[in-house]
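>>> A structural model of the following input is requested.
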Amino acid sequence: MSGAGENKPAPGLPINLKGKRAFIAGVADDNGYGWAIAKSLAAAGAEILVGTWVPALKIFETSLRRGKFDESRVLPDGSLMEITKVYPLDAVFDNPEDVPEDIKTNKRYAGSSNWTVQEVAESVKLDFGSIDILVHSLANGPEVTKPLLETSRKGYLAAISASSYSYVSLLKHFLPIMNPGGSSISLTYIASERIIPGYGGGMSSAKAALESDTRVLAFEAGRKHKVRVNTISAGPLRSRAAKAIGFIDMMIDYSLGQCTSSERIICRGGRKHSSIPSIPTGLCHHRCSCIC
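Residues are numbered from 1 along each chain as shown. Modelled structure (predicted):
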């Protein structure tokens, strides 16, 4: 019999996700939204599994093992966030047959295996049986610094593949192991709706596709699997990936300028994720089932 204390919400967060298991795709350091969401879910009591881009895997695991992220792992109750398992993941490839020879022989992928979306889902099923929460926190636009008129077809399609279709693929392969009543969340950006100069390479189109796909996926996954699907626009963050844009600080300052005085406390979190609201965590709770 469970003790009464086991059902209490985690200190500092009025949401109880104890007994739930989350897989967060796209965690490679402690600066991005993926890490922030993982930490918020952990604070609510969820078990944390992460998928890390294969070329960044060794550095991430080494840093984690050596305690370089310990300060960032501190939860509201003073304990450290525990990551139960880190999986190598490249969400651009659905299955082993999709992987081209130049990637198979690339030294950055040496020593890692079972990292396509299908293989990772199968590994998680083998290791844990099921999950309750799926978070898509990854994107890539190889030509993000180029205006759309200068973006190649290859670069445009690469942005769509890595930043939007990857979510479709993750859901497709993880839904069979998601418990009914579960939740899936991705991250979008306002460039899907408005022009953000400098956010190029087809990334604005990729975010628009992600939002459109979210509506369709919410309908399909909700009806067939009883899983909620949402996306949130959390604003610019000075993450490792965002630095590739080249003027992320200007984007953050602009966003800060658009905030009301009461919002600026949250908006100032753009350079760090410590003040990011716990909206993703709230959406993962069954009491938010009316939001879909």
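>>> If you rank every helix and strand of the chain by mean pLDDT, what lands last?
Within the chain, no helix or strand scores below helix 264-267, which has a mean of 43 by mean pLDDT, DSSP states H and E.
>>> Quick check: Lys226 touching Leu175?
No. In this structure, Lys226 sits apart from Leu175 without contact. The criterion is C-beta atoms under 8 Å, and the distance is 10.1 Å. From N, CA and C alone the C-beta is placed, and that goes for glycine too.
>>> Neighbour count: the two, which is higher?
More neighbours sit around Leu175 than around the other of Lys226 and Leu175, counting by other C-beta atoms under 10 Å; the figures are 19 against 13.
>>> Ignoring the adjacent residues along the chain, who's closest to the more buried one?
Ranked by C-beta to C-beta, 6 or more residues apart in numbering and with sequence neighbours excluded, the top spatial neighbour of Leu175 is His225, at 5.0 Å.
>>> now do Trp53
The shortest distance from Trp53 to any non-neighbouring residue, by C-beta to C-beta, 6+ apart, is to Ala28 (5.6 Å).
>>> Could you look up the SS state of that neighbour?
With DSSP: H, G, I helix; E, B strand; the rest coil as the basis, Ala28 sits in coil.
>>> Hmm, it is touching Lys58, no?
No. Taking contacts as C-beta under 8 Å, Ala28 lies outside contact range of Lys58: 10.8 Å.
>>> More neighbours: the two, which one.
Set side by side, Ala28 and Lys58 give different neighbour counts by other C-beta under 10 Å, the larger being at Ala28 (23 against 15).
>>> I'd like the distance between the more buried one and Lys154.
Counting by C-beta to C-beta, to the nearest Å, the gap from Ala28 to Lys154 is 24 Å.
>>> Please apply the same query to Asn179.
Taken as C-beta to C-beta, the spacing of Asn179 relative to Lys154 amounts to 39 Å.
>>> Tell me which of the two has more neighbours.
Neighbour count, other C-beta under 10 Å: between Asn179 and Lys154, Asn179 has more, with 15 against 10.
>>> Now do the more buried one against Val27, distance only.
Going from Asn179 to Val27 by C-beta to C-beta gives 22 Å.
>>> now do Gly202
If you go by C-beta to C-beta, the gap between Gly202 and Val27 works out to 24 Å.
>>> When those two are compared, which one has more neighbours?
Neighbour count, other C-beta under 10 Å: between Gly202 and Val27, Val27 has more, with 28 against 25.
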